[in-house]
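Novice: let me see the structure of the following:
(2 chains)
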2 protein chains.
Amino acid sequence: MLKLTAMIPARMGSKRVPKKNARLLCGKPLLQYAIDVAKDAGCFEEIWVNTESEDLGELAASCGVDFHRRPPELAVDTATNQDFTAEFLRRLQCDFVVMVNPTSPLLRPETVRRFCEYLASDAYDTVLSVLEEKAECFYQGTPVNFRTVEKVNSQDLAPVQKVIWAMTAWRRASFLHTADKGECSVFAGRLGLFPVPLAESLDIDTQEQWDLAEGMLLAKNKVRNQQENIAYWRPSHED
Amino acid sequence: MLKLTAMIPARMGSKRVPKKNARLLCGKPLLQYAIDVAKDAGCFEEIWVNTESEDLGELAASCGVDFHRRPPELAVDTATNQDFTAEFLRRLQCDFVVMVNPTSPLLRPETVRRFCEYLASDAYDTVLSVLEEKAECFYQGTPVNFRTVEKVNSQDLAPVQKVIWAMTAWRRASFLHTADKGECSVFAGRLGLFPVPLAESLDIDTQEQWDLAEGMLLAKNKVRNQQENIAYWRPSHED
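Specialist: The predicted structure follows:
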């Protein structure tokens, strides 16, 4: 049985959406969405919030999860994900760490569970969460997944897979081994790509995306798909 | 001065979201979003709804735009975009046709206007609307716009450009010339890619995306960005 540890990275000093981790999104602090989804998934032996902020540490404790105090030098804008993840992993034993990102508040426990099952196949060193885009894509003016001599239905296109960082798993041993060599460990070893449903894939990086998430949560909380809620415009002959 | 004609394609027989063009989204039929945005953009000499449905034709008329009755054989699932656009263009004189898609109800008049200005540079035969994705992308297991030996900030990645079909412009002459040869005219001639803002890029193809659009419109209609509406979780020492 693999030991999986969840690490939730959180800073108080976010730039584009100030103090976003503490900000209430539909009444709940953004950070708590990640804490709740990690708890509800039920696949982690330990859940840690990795933050320099005493206040966010208190929020973690009040939710019943652990608080890893990030050294202040690793909480500045120039510190990388690799830096603070390596510091965290050097202090903890586990087979895999799963970084659950508070900027993806729409993630559902079931999806985190499926991610952990995928991981438990033990075939990968790094697993990235992706959104599969079934649309024609260009890169530097050149088609990536289609040819301009024919139009194919989008359902039949081979998807481009966009990394969304909602969840990322690293095998502790390979991550630290690569980091210790001074190399990039974010994509270390054998890579797995795990697709996340569109409705859960939003990443909050800007105020525009914050508003979007709010709208999506509002819509999600409405009773839907019920015939009586669907209204149509009526042509005059139906009057 | 180029003559630009807007064509709004609409079928009544949509499969995944039944009768979506007539369905009310936040109180307004989906089709009418496209009609309104085309009118408000103020850059089209003519605006036509291209549909097999008498009812949707009546909706077009009630909004003050023209109704092009699509032959029923071009309104079946197997008929292509190229088929009905060619049939439309053979009947109308213009320099460019701009297809404005009702499945993108979040498109703003200003964006349509900028698209038409881009078009008016007269350098392209086909202009596609795209969403620029500044995220690491894979295609068939291979990185497209990054290298796994280093992690680059997403802001610094070269974007992958995803075609969203919110708006598409075709030069009438080159489109028909290519179609008449029996070739694919959807990507005919010199291609331009026009980036659409994220918040306007949603394409409604499924019930999930319908709900999303509803949520985004709800959020958009809220008063936002006002300091008094931003609430934060408060740590105990602030009580």
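Novice: is chain B contacted by stretch A:171-180?
Specialist: No: against chain B, stretch A:171-180 shows no contacts by Cβ under 8 Å from any Cβ of the partner chain, the least distance being 10.3 Å. C-beta: built from backbone N, CA, C; applies to glycine.
Novice: for chain A, what's the longest helix?
Specialist: helix A:207-221 (DSSP state H).
Novice: average pLDDT for that helix?
Specialist: Averaged across helix A:207-221, pLDDT comes to 79.
Novice: what packs against it?
Specialist: strand A:24-25, helix B:207-221 (3 or more Cβ pairs under 8 Å, 6 or more residues apart in numbering or on different chains; DSSP states H and E).
Novice: and B:D77, which of those is closest to it?
Specialist: Checking the helices and strands packed on helix A:207-221 against B:D77 by Cβ to Cβ gives helix B:207-221 as the closest, at 18.3 Å.
Novice: C-alpha coordinates for the closest one, PDB please?
Specialist: Provided in PDB are the C-alpha atoms of helix B:207-221 (Å, rounded to 0.1, in the frame of the first residue of the first chain):
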ATOM      1  CA  GLN B 207     -25.600  20.900 -20.800                       C
ATOM      2  CA  GLU B 208     -22.500  21.400 -18.600                       C
ATOM      3  CA  GLN B 209     -21.400  24.300 -20.700                       C
ATOM      4  CA  TRP B 210     -24.900  25.800 -20.700                       C
ATOM      5  CA  ASP B 211     -24.800  25.800 -16.900                       C
ATOM      6  CA  LEU B 212     -21.400  27.400 -17.000                       C
ATOM      7  CA  ALA B 213     -22.600  30.200 -19.300                       C
ATOM      8  CA  GLU B 214     -25.500  30.800 -17.000                       C
ATOM      9  CA  GLY B 215     -23.100  31.100 -14.100                       C
ATOM     10  CA  MET B 216     -20.800  33.400 -15.900                       C
ATOM     11  CA  LEU B 217     -23.700  35.700 -16.900                       C
ATOM     12  CA  LEU B 218     -25.000  35.700 -13.300                       C
ATOM     13  CA  ALA B 219     -21.500  36.700 -12.100                       C
ATOM     14  CA  LYS B 220     -21.100  39.300 -14.900                       C
ATOM     15  CA  ASN B 221     -24.400  40.900 -13.900                       C
END
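Novice: ok now the longest helix of chain A, how far from the chain's centre?
Specialist: Relative to the centre of its chain, helix A:207-221 is centred 16 Å away, using Cα atoms, centre = their mean, to the nearest Å.
Novice: tell me which helix or strand the nearest residue to A:L119 once chain neighbours are set aside sits in.
Specialist: Counting by Cβ to Cβ, 6 or more residues apart in numbering or on different chains, A:L119 lies nearest to A:A169, which is 5.1 Å off, once chain neighbours are set aside. Element membership for A:A169 (DSSP states H and E) is strand A:160-171.
Novice: before we move on, the earlier item: can I get the helices and strands packed on helix A:207-221 in TSV with distance to B:V144 and mean neighbour count?
Specialist: Below are the helices and strands packed on helix A:207-221 laid out as TSV (distance: least, Cβ to Cβ, whole Å; neighbours: other Cβ atoms under 10 Å in any protein chain shown):
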stretch	distance to B:V144	mean neighbour count
strand A:24-25	32	16
helix B:207-221	24	19
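Novice: sorry, back to before: name the next helix or strand downstream of the strand holding A:A169, please.
Specialist: Beyond strand A:160-171 toward the C-terminal end (DSSP H and E), the next one is helix A:172-180.
Novice: can you give me the helices for chain A?
Specialist: Using DSSP H, helices in chain A cover A:30-41, A:54-62, A:81-91, A:109-119, A:172-180, A:207-221.
Novice: show me what the second one is packed up against.
Specialist: To tie it back to what came earlier, the one meant is helix A:54-62. helix A:30-41, strand A:46-51, strand A:66-69.
Novice: pLDDT on it, on average?
Specialist: Helix A:54-62 shows a mean pLDDT of 96.
Novice: what's in contact with that helix?
Specialist: The contact list for helix A:54-62 (Cβ atoms under 8 Å, 6 or more residues apart in numbering or on different chains) reads A:8, A:10, A:12, A:21-22, A:29, A:31-32, A:35, A:48-49, A:51, A:66-67, A:69, B:233, B:235-236.
Novice: ok, the first one next?
Specialist: Residues external to helix A:30-41 that are found in contact with it (Cβ under 8 Å, 6+ apart): A:6, A:8, A:10, A:20-25, A:44, A:47, A:49, A:56, A:59-60, A:63-65, A:100-105, A:107-110, A:112-113, A:116, A:204, B:233.
Novice: touching, A:N21 and A:P102? I think so.
Specialist: Yes: A:N21 is within contact range of A:P102, at 5.7 Å (criterion: Cβ atoms under 8 Å).
Novice: mutual contacts of the two, please.
Specialist: Contacts common to A:N21 and A:P102, judged by Cβ under 8 Å, 6+ apart, are A:A10, A:L30, A:L31.
Novice: at the geometric centre of chain A, which residue sits there?
Specialist: In chain A, the residue lying closest to the centroid (Cα atoms, centre = their mean) is A:A166, at 0.9 Å.
Novice: tally of neighbours for A:R91?
Specialist: If you count neighbours by other Cβ atoms under 10 Å in any protein chain shown, A:R91 ends up with 8.
Novice: what sits against it?
Specialist: Here A:R91 is in contact with A:H68 (Cβ under 8 Å, 6+ apart).
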